[in-house]
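*Asks:* here is a sequence with its predicted model. Questions after.
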Amino acid sequence: MADELFHVVFRGDIADGFALADVKARFAQLFKLDPARVDAYFAGKPTALKKDCDRATAEKFRGALQQIGAVAEIRPANPVAAAPAPQPAAQPAAQTAAAKPAVPVAPAAPAAAVAPVAANPWSLSPEGSTLIRPDEIVAPPPVEVSIEHISVVKRNPFAADAEPPLEADRDVAPPALDLSAYEVAAAGVALAEYEEFVPLPLDLSALSLSEVGADLLKPEERHEAAPVQVDTSELSLAPPGGDLGEIQPPPPPPPPSTEHLSVQK
């Protein structure tokens, strides 16, 4: 139908290959939302982002969400309820009496109203629900590990009832080192000869130390700055607390022209 309307519904699903944090950031930028409010749209509750629009607009809106990684669905705005099942036609009273013996029959209860079938077969399970049916749950067989050959030993070699070590002691042969070129000096012997520090000879005859406050620039090195002539004849110094300026009100508007007006009796 050309005038059929649709809703674009989103419940927080994201497309494959997209990170949830990136989709939330782009979602907030697309709808100009505060980042603190974006989490409510990804909580699993269906929310209509676009209501009462035609099919083309709904497809365009869903495509924009798909580009940022958000998966939405299009639902009819006015789902059509399933029509009630037709009731069998009533047979004539004479034909019914001939077919069956006359037996007192209680008044028939009114027919129960047929509940309309929901347009959307999907539903959202409560938080914490198990999505796998009991017959689909396959428990892995238990793994049996033999630990008969494993024991825990707490060794204390200084105790009288010390337990045997985990591994027998082994003799480790020291590496062969040639120390014939080394000897041990007696205690207190200097291992290196002391050499007195001799400062380098520096010629400081061309240098001198000026007195405190002396000018370090030569006369030919000094550049005097020419003073800037500023005209302050029109300036005055206001007294402390004086008003530095008064804000002048804008000039009044010109009077309106009344040349084109006339008074009639």
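*Replies:* Looks like it came in fine.
*Asks:* quick check: phi and psi at V8.
*Replies:* Backbone torsions of V8, given as degrees, to the nearest 10, read phi -100, psi 110.
*Asks:* for it, what are its contacts?
*Replies:* A48, L49, K50, K51, C53, A58, F61, R62, L65, A72, E73, I74 (C-beta atoms under 8 Å, 6 or more residues apart in numbering). Any C-beta I mention is one placed from the backbone N, CA and C, and that applies to glycine too.
*Asks:* give me the beta-bridge partners of it?
*Replies:* Beta-bridge pairing for V8 (DSSP bridges): K50, I74.
*Asks:* can you start the count at 594 instead of 1 from here on
*Replies:* Done: numbering now begins at 594, and the last item shifts to V601.
*Asks:* any idea how far K638 is from it?
*Replies:* Look at V601 and K638: by C-beta to C-beta, to the nearest Å, they are 15 Å apart.
*Asks:* V631 now?
*Replies:* Note on V631: its distance to K638, by C-beta to C-beta, is 14 Å.
*Asks:* same question, V664
*Replies:* Using C-beta to C-beta, one obtains 15 Å as the distance from V664 to K638.
*Asks:* mind pulling up the pLDDT for P768?
*Replies:* Note on P768: pLDDT of 87.
*Asks:* hey, which helix or strand in this protein has the poorest pLDDT?
*Replies:* helix 686-692 (a mean of 43; mean pLDDT, DSSP states H and E).
*Asks:* which parts of this protein are helices?
*Replies:* 613-624, 628-631, 648-660, 686-692 (DSSP state H).
*Asks:* worst mean pLDDT among the ones you listed?
*Replies:* Across the helices of the chain, helix 686-692 gives the lowest mean pLDDT, at a mean of 43.
*Asks:* out of the helices of the chain, which comes closest to P833?
*Replies:* For P833, the closest of the helices of the chain is helix 628-631, at 52.5 Å, according to C-beta to C-beta.
*Asks:* which elements pack onto that closest one?
*Replies:* With contacts defined as 3 or more C-beta pairs under 8 Å, 6 or more residues apart in numbering; DSSP states H and E, helix 628-631 has these neighbours: helix 613-624.
*Asks:* CA atoms only: put the helix it packs on into PDB for me.
*Replies:* What follows is helix 613-624 as a C-alpha-only set of coordinates in PDB (Å, rounded to 0.1, in the frame of the first residue of the first chain):
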ATOM      1  CA  LEU A 613      30.700  -1.000  20.500                       C
ATOM      2  CA  ALA A 614      32.500   2.100  21.700                       C
ATOM      3  CA  ASP A 615      32.900   3.500  18.200                       C
ATOM      4  CA  VAL A 616      29.300   2.800  17.300                       C
ATOM      5  CA  LYS A 617      28.100   4.600  20.500                       C
ATOM      6  CA  ALA A 618      30.300   7.600  19.700                       C
ATOM      7  CA  ARG A 619      29.000   7.900  16.100                       C
ATOM      8  CA  PHE A 620      25.500   7.400  17.300                       C
ATOM      9  CA  ALA A 621      25.800  10.300  19.700                       C
ATOM     10  CA  GLN A 622      27.300  12.400  16.900                       C
ATOM     11  CA  LEU A 623      24.600  11.500  14.500                       C
ATOM     12  CA  PHE A 624      21.700  12.300  16.800                       C
END
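*Asks:* which parts of it are buried?
*Replies:* By neighbour count on 16 or more other C-beta atoms under 10 Å, the buried set for helix 613-624 is V616, K617, R619, F620, A621.
*Asks:* angle of it against helix 648-660?
*Replies:* 140 degrees (axes from the mean of the first three to the mean of the last three C-alpha atoms, to 10 degrees).
*Asks:* hmm, back to that, so between V664 and K638, which is more surrounded?
*Replies:* V664 (16 against 11; other C-beta atoms under 10 Å).
*Asks:* which residues of the stretch 644-793 of the chain fall in strands?
*Replies:* Here the stretch 644-793 of the chain has its strands, by DSSP state E, counting those that start in this stretch, at 663-669.
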